[in-house]
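Undergrad: can't give you the sequence, but here's the structure:
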């Protein structure tokens, strides 16, 4: 029986991964910040599917909270076959508008907690069996992105790190699959953001359930990177052919036009 550890479980993409794993009959360990949301999700999954679902609340931006989570897992003697790193954070807008706490929170969640959780969970893998890691990066990882500069850079870090880490754990039976999606309609603010980008926002957007299912299929096939949608794969290829400064200028121009239209709408 496959046992999966899932972060960011109560968000839109996290729930989609949880449902997909439960559909496959896999046991789950869920973590996110809110106990009530975790309990509701766990109880719902156990009612609908023949799997075990455990949970433990954790603020992954907080070092002590993470340590308590790892201590609990070890105390329960739990072992895992798969880690799905979904938890992540984004602040849209110019970097100089970000507060110090926002900068720290993004770095702690997107980078620090992802690496620390990966190391802890890999040590708790079930010996003699494959251990698969799925980590959520972004299509933004392939581009320098004005207005989302900190987010895109953090996802680029994850992309580079996990490509390298995959080679380090290959002989120990580990594998890594990196999900690099574009827009996904998981929250009202994200839906608004997608719509404000017009046709490009809509054609690059993918359903979270489909994304979760195909990402897991990719992990089982030991695929390194999964980019949902043909258009998104084309955009990635085009971006690789263009100078970085030109990519940044084009993306920056699109975001400026979008923000200008938003401001006009409130006049």
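TA: On my side now, so go ahead. What you are looking at is a predicted structure, and each value in this text was computed from that prediction instead of being measured. Numbers count the residues shown, from 1 in each chain.

Undergrad: switch to C-alpha atoms for all contacts and neighbour counts from now on
TA: Fine.

Undergrad: now for residue 219, how many residues are close by?
TA: Using other C-alpha atoms under 10 Å, residue 219 has 21 other residues around it.

Undergrad: and for the one 3 residues further on?
TA: Counted with other C-alpha under 10 Å, the burial measure for residue 222 works out to 15 neighbours.

Undergrad: next up, the contacts around it.
TA: For residue 222, the contacting residues are 175-177, by C-alpha atoms under 8 Å, 6 or more residues apart in numbering.

Undergrad: so which helix or strand of the chain has the lowest pLDDT on average?
TA: helix 199-203 (a mean of 38; mean pLDDT, DSSP states H and E).

Undergrad: name the element the nearest residue to residue 216 once chain neighbours are set aside belongs to?
TA: Computed as C-alpha to C-alpha, 6 or more residues apart in numbering, the closest residue to residue 216 that is not its neighbour in sequence is residue 134, at 7.9 Å. Element membership of residue 134, judged by DSSP states H and E, is strand 131-136.

Undergrad: who does that strand pair up with?
TA: strand 82-85 (parallel), strand 174-179 (parallel) (DSSP bridges).

Undergrad: so can I have a markdown table of the ones you listed showing distance to residue 128, mean neighbour count and mean pLDDT?
TA: A markdown table is the format used below for these (distance: least, C-alpha to C-alpha, whole Å; neighbours: other C-alpha atoms under 10 Å; pLDDT from 0 to 100):
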| stretch | distance to residue 128 | mean neighbour count | mean pLDDT |
| --- | --- | --- | --- |
| strand 82-85 | 13 | 25 | 98 |
| strand 174-179 | 11 | 26 | 98 |
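
Undergrad: and of the ones you listed, who's closest to residue 219?
TA: With respect to residue 219, and counting by C-alpha to C-alpha, the nearest of the strands paired with strand 131-136 is strand 174-179 at 5.4 Å.

Undergrad: checking my notes, residue 60 in a strand, right?
TA: No - under DSSP: H, G, I helix; E, B strand; the rest coil, residue 60 sits outside any strand and is assigned coil.

Undergrad: count the residues that sit near it.
TA: Neighbours around residue 60, by other C-alpha under 10 Å: 27.

Undergrad: and the closest residue to residue 125 other than its chain neighbours, its phi and psi?
TA: Among residues not flanking residue 125 along the chain, residue 80 sits closest, at 4.8 Å (C-alpha to C-alpha, 6+ apart). Torsion angles at residue 80 (phi, psi; degrees, to the nearest 10) stand at phi -130, psi 160.

Undergrad: before we move on, the earlier item: make a markdown table out of the strands paired with strand 131-136 and add distance to residue 57.
TA: A markdown table is the format used below for the strands paired with strand 131-136 (distance: least, C-alpha to C-alpha, whole Å):
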| stretch | distance to residue 57 |
| --- | --- |
| strand 82-85 | 15 |
| strand 174-179 | 24 |
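
Undergrad: quick one: neighbours of the residue nearest to residue 125, just the number.
TA: Counted with other C-alpha under 10 Å, residue 80 comes out at 24.

Undergrad: and it, how far is that from residue 67?
TA: In this structure, residue 80 and residue 67 are 18 Å apart, going by C-alpha to C-alpha, to the nearest Å.

Undergrad: got it, and residue 254?
TA: In terms of C-alpha to C-alpha, residue 254 sits 42 Å off from residue 67.

Undergrad: residue 176 too?
TA: Counting by C-alpha to C-alpha - residue 176 and residue 67 are separated by 24 Å.

Undergrad: check residue 153 too.
TA: 26 Å.

Undergrad: show me where the stretch 151-267 of the chain has strands.
TA: 174-179, 225-226 (DSSP state E, counting those that start in this stretch).

Undergrad: and residue 17, which of those is closest to it?
TA: So among the strands of the stretch 151-267 of the chain, strand 174-179 is nearest, using C-alpha to C-alpha, at 12.1 Å.
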